[in-house]
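A.B. asks: just coords:
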């Protein structure tokens with residue numbers, strides 16, 4: 001499960017804590033309108049070629065683990081995806 005690509009409606013900073021599990025987080029610059037036009041609302045669970053191209057333009061791409069804190073501008077296009085147990089790289 002995850003949250004589709006979006007921009008928060010309120011122009012505020014997002015501060016939070018990952019309480020359990022892992023989450024993949026991606027964000028793009030505020031001015032990255034093309035990514036929003038092409039992928040708005042989409043969940044990147046099994047990325048398509050279009051979504052992979054969008055991920056190449058992300059300026060922030062990281063994995064949050066339990067206990068991690070985060071801070072980012074909610075006006076940046078962003079998406080999150082919950083990850084299963086163990087990671088195999």
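C.D. replies: Yes, it's here. Everything quoted here is computed from the prediction, not taken from an experiment. Numbers count the residues shown, from 1 in each chain.

A.B. asks: Correct me if wrong: residue 14 contacts residue 75.
C.D. replies: No. If you go by C-beta atoms under 8 Å, residue 14 and residue 75 don't touch, sitting 9.9 Å apart. Glycine gets a C-beta too; all of them are placed from N, C-alpha and C.

A.B. asks: which residues are common contacts for those two?
C.D. replies: residue 8 (C-beta atoms under 8 Å, 6 or more residues apart in numbering).

A.B. asks: does residue 8 count as helix, strand or coil?
C.D. replies: Here residue 8 is recorded as coil under DSSP: H, G, I helix; E, B strand; the rest coil.

A.B. asks: what's around it, how many residues?
C.D. replies: Residue 8 is flanked by 15 other residues according to other C-beta atoms under 10 Å.

A.B. asks: For the residue lying closest to it once chain neighbours are set aside, list the residues it contacts.
C.D. replies: Of all residues not flanking residue 8 in the chain, residue 74 sits nearest, at 3.3 Å (C-beta to C-beta, 6 or more residues apart in numbering). Contacts here follow C-beta under 8 Å, 6+ apart; on that basis residue 74 touches 7-8, 10-14.
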